[in-house]
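Visitor: got a predicted model here, sequence first, then my questions.
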Amino acid sequence: MKENEIDKRRRGFLIKITLGLSALSAVVAGIPVLSAMLAPLMKKTPAIWRKVGLIDEFAIGITKLVKFENADPEAWAGMTAFTAAWLRRDTENVFTAFSVNCTHLGCPVRWEEGAELFMCPCHGGVYYKDGSVASGPPPKSLVQYQVRINKKAVEIQTAPVPITSINA
Amino acid sequence: MGILKKIWNWIDDRSGLTEMFEPMIKHLVPPGSKWSYVFGSATLFCLVLQVITGIALSLLYQPSSSGAYQSLLFITNKAAFGNVLRGVHYFGASGMIIMVGIHMIRVYLTAAYKFPREMAWISGVFLLFLTIAMGFTGQLLRWDANGVWSSVVAAEQMGRIPLIGKYVARLLLGGDTIGGHTLSRFYSYHVFVIPAIIFIFLAYHLMLVIRNGISEPAKAGRPVDPKKYREWYHDMLKKIGVPFWPYSAWRDLLFGAATIIAIISLAIIFGPPELTQPPDPSFIYTNPTPDWYMLSIFSLFALMPPEIESYVIFIGPGLTIIILLSLPFISNKGERSPIRRPWAVFGVLCVVIFILSLFLLGQQSAWSPKFDVKPLAAKVVHSTDSVVIKGASLLHQRGCLFCHSIAHQGGLKGPDLSEVALRLSKKDITIRIVNGGPNMPAYGGILSNQDLTAIVTFLETRK
């Protein structure tokens, strides 16, 4: 083999090794970076039953705002660890809990006792007391939480902020 | 030669300062590039102001979901000049968005994006959206009730992306609810990620200004011919070009300084946006409204037909970006003068009127229920009939006045009922209340017959 030919092969090998090592270092450094970025997708949030009060604290037919802690709050979450829901005692042993998030764009809906409607301040979404859309832009009914009665306590099952998808 | 001069010569020789920067400062620009050319540099001045005040704010701010609100109270009420600092950062953001908008309109109207400046336009489009992203994430860092609910609204919008929407929403919130990760993420976007991308695009944008030169003032009847333009431009510069500093730059500096003084004055006079309630997601009696530069979009969400909304949320921004990016490919030669491009002028007018109208509608927010409406005064009810009086009080109690007004009292969402009896018969009024309509809940299942009669009787007196 000629000198030139060897040189060319050597150079080719060195370039490959340089690029290969650079790529490797980028990938290795990238793994923890990507993990930090995508952490919320990799974590599986459990669904936990949270006590929101005793049965007797709720009058039949009344819709009340209750507050509970999210499933997996971080130690530094402070007050952002909490979520609210609209809880109504329908009959003696039947409770319904609605998400406070409007299905339009997530703003907090208010239960208006006199009007018997849920109303959203942002874009004027209105829902009937069963959560179905009464007027305005919301594409679907208010999302409900699971509720159960555990001995004398009313418990709500934690759930993600309901995200309305394009096919509603 | 004086000792100082010697020292400077040494520094300049070894550091290459003059060598590097003189060609930039003294580069030739076309004569006549006057006041319409100052908006790009004004944007840059605003950005510098934002970086500096942003750094100052970061010295005082706690970027954590639990601590941010307290630190904002501290900055606003206790820190020396903290209130002004927040104000300058807020009005600086406003200034930057206004300047970037005017700059873009100017470039479009005078077709400065045509050959050979296509890439300047394209990098500018990215800078525009990055600026808006900074505005939005910045509003969230004002971590009050508004900030919390704005991040939920943002997540909901992301949720409309097909297939991956839920994941993007989750990434944005840093989990499946608002929590400890939410603010850390938005802080990182606002302070590190987006600024880093802005600097890259900005450096490129400015480099292109030097490389291709600033566009000469447009003149009707002097079209851009890509084959000859570069040669013509260089000849023109050689013949009649003037050095950027000071013949052109003084206007940039003067206008930039005036802009910054205006921003600081506004900050001192009006102060920063007031903080709303603490960032407790379980506190729901709040009315999330975006800062003014997002208000037009906010209105659009309330006003567009619900059936197309999900698609508009998802397709709209993408389509806007594609149209803007493809502009210099659709038209990269020919006339530049707005006089010869009436459709361009017309288009800009339409867009500006569209955005302004949405902005004004957003300020009124007629679609929002007026939760704090007062009961109708006896003078307005103007009756001694007990059924009429009961009907009037029900109108308030049952939330009718949230959306309808009587004698200028009440919401603006539904029709004004002050003279409803002139328009509708008793039967029609009843049918509408019971069955509702496209934008009105059906009260049939809510009102008792007695209440219904009282309300209708009261409305019958409205003429």
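Guide: Happy to help now that I have it.
Visitor: who touches the nearest residue to residue A:152 once chain neighbours are set aside in this structure?
Guide: Closest residue in space to residue A:152, ignoring its immediate chain neighbours: residue A:54 at 5.2 Å, by CB to CB, 6 or more residues apart in numbering or on different chains. No exception for glycine: its C-beta is placed from N, CA and C like everyone else's. For residue A:54, the contact set (CB atoms under 8 Å, 6 or more residues apart in numbering or on different chains) comprises A:152, A:153, A:154.
Visitor: and if you look at residue B:299?
Guide: B:358, B:359, B:361, B:362, B:365.
Visitor: let me see the confidence value for the residue nearest to residue A:152.
Guide: With respect to pLDDT, residue A:54 scores 95.
Visitor: now do residue B:363
Guide: For residue B:363, the pLDDT comes out at 92.
Visitor: could you say which helix or strand holds it?
Guide: Per DSSP states H and E, residue B:363 falls inside helix B:342-364.
Visitor: show me where chain B has strands.
Guide: Secondary structure of chain B (DSSP state E): strands located at B:28-29, B:242-243, B:405-406, B:409-410.
Visitor: for chain A, give me its nearest residue in the stretch 51-200 of chain B.
Guide: Closest approach between the stretch 51-200 of chain B and chain A, counting by CB to the nearest CB: residue B:66, at 2.3 Å.
Visitor: what's the nearest residue to that residue once chain neighbours are set aside in contact with, if anything?
Guide: In this structure, residue B:66 finds its nearest non-sequential neighbour in residue A:78, 2.3 Å apart by CB to CB, 6+ apart. Counting by CB under 8 Å, 6+ apart, residue A:78 touches B:64, B:65, B:66, B:67, B:180.
Visitor: so which of the residues you listed belong to helices?
Guide: Counting by DSSP state H, these place residue B:180 in helices.
Visitor: which of the contacts of residue A:78 sit farthest apart?
Guide: Using CB to CB, the two most remote members of the contacts of residue A:78 are B:67 and B:180, lying 10.6 Å apart.
Visitor: intersection of neighbour lists for these two?
Guide: A:76, A:78.
Visitor: in terms of neighbours, single out the busier of those two.
Guide: Between residue B:67 and residue B:180, residue B:180 has the larger neighbour count (other CB atoms under 10 Å in any protein chain shown), namely 21 against 16.
Visitor: where's the more buried one relative to residue A:77, distance?
Guide: To residue A:77, residue B:180 is 4 Å away according to CB to CB, to the nearest Å.
Visitor: need the residues touching each of these two.
Guide: Residues touching both residue B:180 and residue A:77 (CB under 8 Å, 6+ apart): B:65, B:66.
Visitor: could you check the pLDDT of the closest residue to residue B:77 other than its chain neighbours?
Guide: Leaving out its chain neighbours, the residue that sits closest to residue B:77 by CB to CB, 6+ apart is residue B:83, at 7.5 Å. We have a pLDDT of 97 for residue B:83.
Visitor: give me the most central residue, chain B.
Guide: In chain B, the residue lying closest to the centroid (CA atoms, centre = their mean) is residue B:293, at 2.1 Å.
Visitor: quick one: contacts for the closest residue in space to it that isn't next to it in sequence?
Guide: Spatial nearest neighbour of residue B:293, chain neighbours left out: residue B:97 (4.8 Å); criterion: CB to CB, 6+ apart. Residues near residue B:97 by CB under 8 Å, 6+ apart: B:131, B:132, B:135, B:293.
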